[in-house]
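J.: Here is my input; please provide its structure:
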Amino acid sequence: MTPIYPPNEKTAIFVGAHAQYMFLFRLPVMRRLRDFGYRVVVVATPSKGFNINDFDRTGIEFVPWTLQPAGMNPLADLSHIRALWRILKAYQPDILFVHTIKSVIYALPLARLIGVKRRVCMIPGLGFAFIDGRGFSRRLARVFARVSYRFALSWADLAILQNPDDLEALRRSGSIPAGTRTALVNGSGVDMKKFRAMPIPGGPPVFLMVSRLLRDKGVLEYVAAARAVKAVRPDVRFVLVGGTDYNYASITDEDVAKWVSEGVVEARGHVADPFAEFAACHVFVLPSYREGTPRTNLEAMAVGRAIITTDAPGCRSTVVDRQNGLLVPVADADALAAAMLDLADDPVCVRKMGAAGHARCARLYELDIVADATTALILGYDGLTEPASRLAEAR
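T.: Just a heads-up that it's a prediction; the model follows:
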């Protein structure tokens with residue numbers, strides 16, 4: 001592979017697992033780097049149903065790279081590691097920005113070996129290995145994750161995380177080498193022009209959950225709480241948006257069909273643009289066990305909806321309890337049902353929490369604010385607030 005570009009042009013390469021994810025969540029940062037004179041190249045696995053020509057239309061190059069999301073056997077991924085080595089050698093980037101654990105583990109050492117000057121990774125969430133619980137598989141995953149992160153981060157100039165709980169967990173586990181700098185950003189941000197404030201609809205209360213249908217997202221607790229609430233308030237509706245997944249923890253299609261036939265939830269499946277679903281609900285619910293910064297919470301806040309979420313890493317960062325929503329314990333369907341009933345019976349509180357959430361989103365999670373801060377970190381500025389203002393002036 002021989003890239004064709006002016007020899008003196010700076011190059012930034014973004015490496016990740018899924019092309020569509022990169023397009024949806026990293027495009028604002030890519031555009032800012034282009035504004036600063038960088039040629040931007042995305043290296044990722046093509047996503048089913050996603051048109052990679054969308055990158056070309058934004059002036060960003062795409063290079064396909066196959067990486068299986070599950071499993072952590074370097075021997076099985078050897079051909080993919082070699083392919084990534086060839087790509088990085090061909091492009092000789094000035095900046096590498098990489099996220100998702102497998103991409104981080106494979107890309108950072110390769111980038112260091114070929115002399116990439118600036119190597120930055122983002123860890124958007126710690127996932128299964130860091131969720132509290134017992135069992136051999138979880139202990140094994142935790143040990144493997146700790147060793148893998150420590151190895152990978154030793155090759156990074158900077159590791160960016162999305163909430164202080166994740167940063168503390170990595171430090172406590174010894175996963176961050178002494179020479180690796182760390183920083184925090186407020187997730188990926190949310191486009192508040194697209195996810196704009198909408199009036200609360202009339203009619204009976206509607207609760208909404210938008211998520212990949214995984215057990216660790218709290219889907220089973222959502223359904224159990226919905227069943228308990230409907231026993232008391234049969235007029236309340238519960239909507240579930242999201243598709244089943246390749247993940248071992250995925251809910252099955254048969255599970256969803258059973259809940260629908262029982263009349264507990266209304267299932268929408270995967271919805272590419274969930275704005276209308278947010279606008280049609282009264283309260284958004286995410287009972288996840290752990291997140292980085294949950295994008296769906298931010299989108300619901302932008303639309304002006306009260307949030308019920310768990311007092312878990314990532315989730316609790318988005319909600320001030322009793323101000324823009326309610327925090328409930330992890331894996332506690334009874335507490336979740338009680339919180340749902342509280343808000344179902346208090347529409348005034350729902351409106352006030354929704355307005356407070358919209359204001360909080362505009363202050364902390366608005367897309368330009370977060371993208372400026374992330375770009376500043378990638379370029380090597382120290383801190384967040386001051387570089388973000390300098391970037392805004394420069395643009």
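
J.: Okay, now the unreliable bits of the chain?
T.: Scanning the chain for pLDDT under 70 picks out the ranges 1-8, 68-75, 127-142, 246-248, 382-395.

J.: So which residues of it form strands?
T.: Secondary structure of the chain (DSSP state E): strands at 10-18, 38-45, 61-64, 95-99, 118-123, 158-161, 181-184, 206-210, 237-241, 266-269, 283-286, 306-310, 325-328.

J.: Quick one: closest of these to Tyr222.
T.: Closest approach to Tyr222 among the strands of the chain (Cβ to Cβ): strand 206-210, 5.0 Å. Every residue, glycine included, has its C-beta placed from N, CA and C.

J.: so the closest one versus strand 306-310, what angle?
T.: 50 degrees (axes from the mean of the first three to the mean of the last three Cα atoms, to 10 degrees).

J.: Just checking: what are the partner strands of strand 206-210?
T.: Sheet pairing for strand 206-210, assigned by DSSP bridges, gives strand 237-241 (parallel), strand 283-286 (parallel).

J.: The residue nearest to Val271 when sequence neighbours are not counted pairs with what?
T.: Nearest residue to Val271, sequence neighbours excluded (Cβ to Cβ, 6 or more residues apart in numbering): Val241, at 5.1 Å. Beta-bridge partners for Val241, by DSSP bridges, are Val210, Gly269.

J.: For Asn53, see how far away Val241 is.
T.: Using Cβ to Cβ, to the nearest Å, we find Val241 at a distance of 27 Å from Asn53.

J.: Compare the two (neighbour count), which wins?
T.: Neighbours were counted for Val241 and for Asn53 using other Cβ atoms under 10 Å; Val241 has more, 20 against 8.

J.: The more buried one is in contact with Phe207, isn't it?
T.: No: in terms of Cβ atoms under 8 Å, Val241 does not count as a neighbour of Phe207; the distance is 11.5 Å.

J.: ok, back up a step: if I look at the residue nearest to Val271, how far off is Arg268?
T.: Taking Cβ to Cβ, one finds Val241 at 4 Å from Arg268.

J.: distance of the closest residue to Arg34 other than its chain neighbours from Leu343?
T.: Excluding its sequence neighbours, the residue lying closest to Arg34 (Cβ to Cβ, 6+ apart) is Val40, at 5.5 Å. Distance from Val40 to Leu343, counting by Cβ to Cβ: 43 Å.

J.: just Leu377 next, same as before
T.: 37 Å.

J.: ok, now Ile308?
T.: Distance, Ile308 to Leu343, using Cβ to Cβ: 7 Å.

J.: Outside of stretch 36-43 itself, list whatever touches it.
T.: The contact list for stretch 36-43 (Cβ atoms under 8 Å, 6 or more residues apart in numbering) reads 3, 5, 9-16, 19, 22-23, 26, 30, 33-34, 55, 59-63, 65, 84, 87, 91, 93-95, 375, 379, 394.
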